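sequence? don't have it. structure:
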């Protein structure tokens, strides 16, 4: 029994990227639609954990039938909190890497953070960056960082590590 459970766990995709490899075309298109919805929520600074399901329902009511291909079976819940969090991290990583060179070129930058607890009571920190681009100030989403707790020291160390790992010059902060 243990071997069967281990094999089933091994065969189950561990994250969103692994899951894409096993999906059909309609499921991938539905997933892209879901990714766009989460990106829009992030960009508009709307709480993604609380509003994603409602946005999906609205789109379905509006006739976006591709979303019917998201959930297949009990183990494939593309509306779960885990899915939403992994998608936010995946989209955030892509957005960050796409624009990181512009942020690095800025003579200085500001970091804006908001520590929060999601519906599963997991502490996390939403990070935005404000920088100069073509002489204009821009503020963009940078990442959602998991936190082991909400203590000031943890938040500070997580943020400093993130800035350094991103290749941003902390002297410009």
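Perfect, thanks for sending it. The structure presented is a predicted model; accordingly, all values stated were derived computationally and were not measured.

tell me the phi and psi of residue 161?
Reported as degrees, to the nearest 10, the phi and psi values for residue 161 are phi -60, psi -40.

Could you count how many residues lie near it?
11 (other Cβ atoms under 10 Å). In this view, the C-beta of every residue, glycine as well, is placed from N, C-alpha and C.

give the contact list for the most centrally placed residue in the chain.
Among the residues of the chain, the smallest C-alpha distance to the mean C-alpha position (Cα atoms, centre = their mean) belongs to residue 88, namely 1.1 Å. The neighbourhood of residue 88, defined by Cβ atoms under 8 Å, 6 or more residues apart in numbering, consists of 38, 42, 48, 144.

Next step: the residues you listed restricted to strands.
Counted as lying in strands by DSSP state E, out of these, are residue 144.

if we can go back for a sec, the residue nearest to the centre of the chain: which element?
Of the helices and strands defined by DSSP states H and E, residue 88 is found in helix 81-105.

Then residue 116?
Counting by DSSP H and E, the secondary-structure element that holds residue 116 is strand 109-117.

I'd guessed residue 172 sits against residue 106; true?
Yes - in this structure, residue 172 sits in contact with residue 106. The criterion is Cβ atoms under 8 Å, and the distance is 7.1 Å.

Which of the two has more residues huddled nearby?
residue 106 (18 against 14).
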